[in-house]
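Visitor: got a predicted model here, sequence first, then my questions.
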Amino acid sequence: MSQPASTLKRPDGNPVRVLVVDDESNLTELLSMALRYEGWEIKSAATGSNAVRTAKEFRPDAVVLDIMLPDFDGMEVLRRMRDDDPTLPVLFLTARDAVEDRIAGLTAGGDDYVTKPFSLEEVVARVRALLRRTVQMTIDSSSVLTVGDLSLDEDSHEVVRAGAEVNLTATEFELLRYLMRNPKRVLSKSQILDRVWHYDFGGQANVVELYISYLRKKIDAGHPPMIHTMRGAGYVLKPAPPT
């Protein structure tokens with residue numbers, strides 16, 4: 001899998017370090033995979049005590065922290081981590097979305113807050129924003145993805161095919177970005193659902209077929225096709241052959 005065109009790094013050039021803390025192993029695995037895809041170094045923990053110990057050893061640049069943990073809650077984890085590193089950026093995860101819970105999390109010192117269910121793209125975007133805001137990072141290379149005559153700017157959200165601008169909805173943009181980050185790689189419907197929609201998305205896989213058809217009408221209309229269906233396997237985006 002190719003890395004994103006725009007990669008945050010530490011000032012010394014080493015990869016950003018992120019600690020993921022959640023006792024749901026499937027969710028931890030998905031989050032870790034999405035964050036590693038950004039080119040970052042990831043460690044995980046399933047309990048508060050393990051999280052505090054790992055943070056001291058790993059020295060993360062940011063933490064994704066579930067509030068509900070089996071031994072002690074995320075507020076206490078944050079307090080102990082901040083004793084060791086007072087400026088450590090923390091993104092809270094929680095299934096509770098009441099206003100008082102959100103206020104409590106931020107009052108306790110959390111830098112941001114996401115309620116479950118959430119999309120992996122949203123968490124990645126928020127961690128990136130935290131790192132840019134709170135940690136001195138360098139940005140490696142361009143934010144523009146290019147495949148053939150198609151380009152996508154991850155910062156401005158501009159999409160251009162053969163010199164003509166293409167207007168996409170937010171979901172269409174995220175789907176195209178995922179395809180363009182993986183050119184010539186067949187992506188299954190389940191992979192696309194995990195990456196573009198909620199990690200526990202309850203709908204049918206035909207939502208992927210629907211949005212692929214939307215993209216084709218906007219990206220491939222009047223041009224040699226770039227988005228291809230691999231029957232029984234998924235979808236692939238590749239440069240169109242020269243005309």
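Guide: Received it, and whenever you're ready, just let me know what you need. Residues are numbered from 1 along each chain as shown.
Visitor: which residues does the residue nearest to A162 when sequence neighbours are not counted contact?
Guide: Taking Cβ to Cβ, 6 or more residues apart in numbering as the measure, A162 lies nearest to D149, with 4.6 Å between them; neighbours along the chain are not counted. Every C-beta, even on glycine, is put in place using the N, C-alpha and C of the backbone. The neighbours of D149, taking Cβ atoms under 8 Å, 6 or more residues apart in numbering as the test, are 161-163, 223, 239-240.
Visitor: same deal with H157?
Guide: Residues near H157 by Cβ under 8 Å, 6+ apart: 168, 173.
Visitor: run the last query once more with 6 Å
Guide: The neighbours of H157, taking Cβ atoms under 6 Å, 6 or more residues apart in numbering as the test, are F173.
Visitor: so what pLDDT did it get?
Guide: For H157, the model assigns a pLDDT of 83.
Visitor: hmm, back to that, state the distance from the residue nearest to A162 to Y178.
Guide: Using Cβ to Cβ, to the nearest Å, one gets 19 Å for the distance from D149 to Y178.
Visitor: now swap in V160 and tell me
Guide: Between V160 and Y178 the distance, using Cβ to Cβ, works out to 18 Å.
Visitor: so between these two, which is more surrounded?
Guide: Neighbours were tallied for V160 and for Y178 using other Cβ atoms under 10 Å; the higher tally belongs to Y178 (19 against 15).
Visitor: okay, domains of the protein per the record?
Guide: Domain assignment for the chain by the TED database gives 17-134, 144-237.
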